[in-house]
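Asks: here is my input, please return the structure:
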Amino acid sequence: MLDRAFQEGGSACAIRPLEKPTGIRVDRHLFVDFRGFEELVEAGGRRDRGAPARTH
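Replies: Model (predicted):
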């Protein structure tokens, strides 16, 4: 549903289906494709799940 709305009308149209049923207004949003998500994770530092963080 969100993918189609985004393709047809951009980010404003993708937000509308979330706002109407919930009654919650979305003031700011960020759309990131998978490549952008990967870069965001890498910038924040990657850590394997379940592995303890080094303390020294």
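
Asks: low-confidence regions, the chain specifically.
Replies: For the chain, the stretches with pLDDT under 70 are 1-2, 46-56.

Asks: change it to 90
Replies: Where the chain drops to pLDDT under 90, the residues are 1-20, 26-56.

Asks: show me where it has its helices.
Replies: Applying DSSP state H to the chain gives helices spanning 2-9, 11-22, 34-44.

Asks: how about those helices in CSV, adding distance to Arg28?
Replies: (Glycine included, C-beta is placed from N, CA and C.) Formatted as CSV, the helices of the chain follow (distance: least, Cβ to Cβ, whole Å):
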stretch, distance to Arg28
helix 2-9, 16
helix 11-22, 10
helix 34-44, 16
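
Asks: could you dump these to JSON lines with mean neighbour count?
Replies: Below are the helices of the chain laid out as JSON lines (neighbours: other Cβ atoms under 10 Å):
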{"stretch": "helix 2-9", "mean neighbour count": "12"}
{"stretch": "helix 11-22", "mean neighbour count": "13"}
{"stretch": "helix 34-44", "mean neighbour count": "10"}
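
Asks: any idea how far Phe6 lies from Pro17?
Replies: Plainly put, Phe6 is 10 Å away from Pro17 if you go by Cβ to Cβ, to the nearest Å.

Asks: what is in contact with the two at once?
Replies: Residues touching both Phe6 and Pro17 (Cβ atoms under 8 Å, 6 or more residues apart in numbering): none.

Asks: tell me how far Phe34 lies from Leu40.
Replies: Noted for Phe34: a distance of 10 Å to Leu40, by Cβ to Cβ.

Asks: now do Val26 against Glu39, distance only.
Replies: Val26 is 23 Å from Glu39, by Cβ to Cβ.

Asks: and Gly23, by the same measure?
Replies: Gly23 is 34 Å from Glu39, by Cβ to Cβ.
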